[in-house]
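# just need the structure, nothing else, for what follows:
(one chain, ligands or ions: 1)
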Amino acid sequence: MTDLPSHARVVIIGGGAVGVSALYHLALAGWTDCLLLERNELTAGSTWHAAGNCPSFSTSWAVMNMQRHSLSLYRRLAAEVDYPMNYHVTGSVRLAHTQTRMQEFQRAKGMGRAQGMALEVIGVAEIKARYPYVELHDLAGALYDPDDGDIDPAQLTQALAKGARMMGAQIARFTAVTGIARAGDEWVVQTDKGEVRCDKVVNAAGYQAQRVGEWFRPYGGRRVPMAVMSHQYLLTEQIPELADRMATDGKLPLLRDVDSSYYLRQEKAGFNLGPYERNARAHWATPDDPFPDDFSFQLFPDDLDRLEWYVQDACARVPLLAQAGVARVINGPIPYAPDGLPLLGPMPGVRNAYEACVFTFGITQAGGAGKVLAEWVTQGQTEWDMWSCDPRRFTACADDAYALAKAVETYGHEYAMHFPHARWPAGADLRLSPLQGRLTSAGAVMAPYNGWERAEWFAKPGDDLSWDATQTWDRAGPWEPRIAAECAAVRDGCGVLAISGFTRLTVSGPGARDHVDSLTCSRLPPPGRVGLAYFCDARGRVVTEMSVMNDAPDRVRLITASVAQWHDAEHLWRQAPPGISVTDHSDQAECLLVTGPQARAVLAGLTDADLSRPWLSIQSARVAGCGVTLLRVSFAGELGWEVHCPPADAPAIWDALTGAGAVPFGMAALNALRIEKGYKTWKGDLSTDYTALELGLDRFIDWAKDFPGKTALLAERAAGPARRFVTLTLDAPGAADAPYMSNIWLDDARVGETLSGAWGYRVGASVALGMLRADLVAAGTRVAVEVFGERFAATVQGQGALWDPLNLRLRG
Ligand SMILES: Cc1cc2nc3c(=O)[nH]c(=O)nc-3n(C[C@H](O)[C@H](O)[C@H](O)COP(=O)(O)OP(=O)(O)OC[C@H]3O[C@@H](n4cnc5c(N)ncnc54)[C@H](O)[C@@H]3O)c2cc1C
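Purely as a prediction, here's the structure:
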């Protein structure tokens, strides 16, 4: 029987690669009084049967960071903990069938370069030199990743476990957690071997995370949004030619045919073929297929029929593969969150609880994930912005049906490209505003924002709305003339945009205003006005931004991004003193943005409001006979008002506004308009990768008061920020605008990165917002922006906005 300690600072539930890496990194951070509980032997979940591929490739900046950390750790771990491991850094060749795929590779190469990795994009003629057995006739090129390889997942886990134990952390194997309770400030973790009390607890239960998550529901938790998919790879018999080659040339690089959707890896002198098949299969998702009590070290029955197309395709691509028969099939459970990324960070709704679970690439990500988890636990903040993996990105609308539909879709398109105008169909229409019918009959092409459907752009009869038309990184497409016209309507007349699903929070209770004031570096606006407030962490990095309406000492209302719903509510309540509550009213109002130089004229005939009230004013009024709140703001950077109304009244107000000449526009136009104004979006431009000073938020900082991050920001102010937020225009526009994290160059030196890019229809240029080395931010400085691998000369703009720098139109 395991000798369980009665108390640990942190208890981790689950001893797969991720849980053990979390324990290792906690110990590395000096938190050695930590305990990992594993119901069976370490690796009993998904880890033991994983193929162990370790790519660095990702199109997500955060995920690439995490994987890069893993790979660098795995190279030195065996020596550091004296635990030899089979880790082969073979490199990989990722094939492209199309030029759009080559563009994706160029982008990943640029991001890799920014992170110090030497990914290479190679032409068709160069592929054979890296991988002699491949058929080339239908290829466009490839990406070579020198850091890719494969590791033995069990050895990796054991090495991390050894390292953690050497530092003093404890692991109790064959100890199943059976429940959770609270006793005062402590968690009581119940196991089949007795109880352990702890300060903080981590759900690292892999594909069993939903079951573990249920125990946290009485303490504010939610149902873990995930599904379990079946994932297979097959191992072939040995191939003499490969055996001969190995003796002289070593192991082949890993080959990924992402357009056909499989990887092919040399395994000893045979192959390992692993497809992500379209006809994907979920398990344990229906009442007739209940979740098993225990599936440790078990597999699903082989299901090779599902893989037939992929096997044939791979044999045609690498004819050598066809020489060998199948020796063994591995079909195991693999967890999927709706977007295929893990749940890594604070557990939504629950204090002192964290998640490091639902990893689909948990071997290559375990190292980095352990570091991130340890930072969350020990510091409450992470080195890299990790929003793309933050569990709070899914909110209440991500129910089981949604999670399943998205998991099946995401698995089947694991290697798919995610083009800006493509909308994946599964899980649509989760949250519909009462305007949905009006929007779609006006031609709206919709997209979800935290489940809320909003118009992206308005199509006209005859526009090509096919899936194929969206398969491009280019600006041009059926949407382009429509977005141009929508921007022109906002510039010259009046547009109306339904912004459904804004997050609306109220902080109330004695001292509510002081509480919000203590969290933000900004000065709260006076009553009757709306103002932007920024919230920093201890390093002065920007955690979030909210619009604040400061009604009374005991009531503050805040409006924030739709996707920030749980994140921002938690930022307010987690630190709230007793007596302060945070309530969410997001579904109780609809917002219509009415904006453009004619906005006043359009509204005038419909409202009793005083439309002469200034920019940032708030007033209650009637529009089209309905009671509304009018905020004099416009994210489009024109004269405008946000009309906030009860959802049921939105159709009448919409009809009145459009009847009076307001032209419907969509989120794509709003994005272009706000970029010309230099307005930042949360997690688009504002993130914990940058400080408030780097982001140019100086004028929002009230230095006279105390706030989180002040010490760090004072020091940074004294030294001068190393980089600054800028607007750039590309001198000669290419076919595409700069995507997130495109490199900015000064000759051959990388001097920054872009954050947002779009065509600015009012200024007639491809505009990028980005972060640039501080000595280069003077207006007129010439740099180059790398867009999908091609460098474009660009000019740094002055500190004011490109469009209406004096805000004359906004205040007009
Ligand atoms: C066929 C296949 C091939 C794969 N290939 C790769 C690959 O090449 N590269 C890659 O990066 N990823 C791959 N994966 C994915 C990878 O296996 C997982 O992402 C990874 O193993 C997840 O690790 P984990 O620690 O999060 O979860 P797990 O390994 O599932 O560990 C969770 C642990 O929690 C324990 N546990 C659960 N409930 C309790 C409880 N109540 N009390 C105590 N303990 C509990 C379980 O026993 C288990 O050991 C593959 C997956 C499959 C199915």
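# just want the residue of the stretch 201-350 of the chain that's nearest the ligand.
Residue nearest to the ligand within the stretch 201-350 of the chain (C-beta to the nearest ligand atom): residue 206, separated by 2.3 Å. For glycine as for every other residue, the C-beta is placed from the backbone atoms N, C-alpha and C.
# leaving out chain neighbours, which residue sits closest to that residue?
Counting by C-beta to C-beta, 6 or more residues apart in numbering, residue 206 lies nearest to residue 45, which is 4.0 Å off, once chain neighbours are set aside.
# just to be sure, the one you found is in a strand?
No. The assignment for residue 45, made by DSSP: H, G, I helix; E, B strand; the rest coil, is coil rather than a strand.
# tell me the spacing between it and the ligand.
Distance, residue 45 to the ligand, by C-beta to the nearest ligand atom, to the nearest Å: 2 Å.
# still on that earlier bit, wait, the residue of the stretch 201-350 of the chain closest to the ligand sits on residue 334?
No. Taking contacts as C-beta atoms under 8 Å, residue 206 lies outside contact range of residue 334: 9.1 Å.
# phi first, then psi, for the residue of the stretch 201-350 of the chain closest to the ligand.
The phi/psi pair for residue 206 (degrees, to the nearest 10) reads phi 60, psi -130.
# how close does it get to residue 98?
As judged by C-beta to C-beta, to the nearest Å, residue 206 and residue 98 stand 35 Å apart.
# which residues touch the residue of the stretch 651-800 of the chain found nearest the ligand?
Per C-beta to the nearest ligand atom, residue 741 is where the stretch 651-800 of the chain lies closest to the ligand, at 22.4 Å. Residue 741 makes contact with 61, 110, 111, 114, 753, 754, 755, according to C-beta atoms under 8 Å, 6 or more residues apart in numbering.
# which ones among those lie within helices?
61, 110, 111, 114 (DSSP state H).
# from these, which two are the most distant?
Greatest spatial distance in those: 61 and 110, 10.9 Å, computed using C-beta to C-beta.
# coming back round to it: quick one: which of the ones in helices among the contacts of residue 741 has the most company?
Highest neighbour count within the ones in helices among the contacts of residue 741: residue 111, with 25 neighbours (other C-beta atoms under 10 Å).
# number of nearby residues for residue 293?
What residue 293 shows, counting by other C-beta under 10 Å, is a neighbour count of 7.
# repeat for the one 10 residues further on
Using other C-beta under 10 Å as the criterion, residue 303 is surrounded by 14 other residues.
# where exactly do the strands run in the stretch 351-500 of the chain?
Listed in chain order, the strands of the stretch 351-500 of the chain (DSSP state E, counting those that start in this stretch) span 353-357, 444-449, 452-458, 495-498.
# who does the last one pair up with?
Meaning strand 495-498. Sheet pairing for strand 495-498, assigned by DSSP bridges, gives strand 590-595 (antiparallel), strand 663-664 (parallel).
# likewise the second one?
Partners of strand 444-449 in the sheet, by DSSP bridges, are strand 452-458 (antiparallel).
# list the buried ones in the partner strand?
Burial within strand 452-458, assessed by neighbour count using 16 or more other C-beta atoms under 10 Å, is assigned to 452, 453, 454, 455, 456, 457, 458.
# how much space between the third one and residue 547?
Between residue 454 and residue 547 the distance is 18 Å, computed by C-beta to C-beta.
# likewise for the first one?
Distance of residue 452 to residue 547, computed by C-beta to C-beta: 18 Å.
# any idea of the pLDDT on whatever residue of the stretch 301-450 of the chain ends up closest to the ligand?
Closest to the ligand within the stretch 301-450 of the chain is residue 362: 2.5 Å, counting by C-beta to the nearest ligand atom. Here, the pLDDT recorded for residue 362 equals 98.
# cool, residue 2 as well?
Looking at residue 2, its pLDDT is 50.
# related to what we said a few turns ago, run a quick neighbour tally on the residue nearest to residue 206.
31.
# go ahead and confirm it touches residue 204.
No. Between residue 45 and residue 204 there is no contact under C-beta under 8 Å: 9.4 Å.
# now do the shared contacts for these two.
By C-beta under 8 Å, 6+ apart, residue 45 and residue 204 have these common neighbours: 14, 16.
# farthest pair within the contacts of residue 741?
Distance extremes for the contacts of residue 741: the farthest pair is 110 and 755 at 14.0 Å, using C-beta to C-beta.
# distance check, residue 25 against the ligand.
Relative to the ligand, and taking C-beta to the nearest ligand atom, residue 25 is found at 13 Å.
# tell me which element that residue is part of?
Element membership for residue 25, per DSSP states H and E: helix 17-28.
# pull up the distance across stretch 549-561, start to finish.
Terminal residues of stretch 549-561 are spaced 15 Å apart (C-alpha to C-alpha, to the nearest Å).
# swap that for stretch 624-633, sorry
Its first and final residues considered, stretch 624-633 spans 20 Å by C-alpha to C-alpha.
# got the contact list for it?
So stretch 624-633 is contacted by 530, 547, 606-607, 609, 613-623, 640-646, 649, 652-653, 655-657 (C-beta under 8 Å, 6+ apart).
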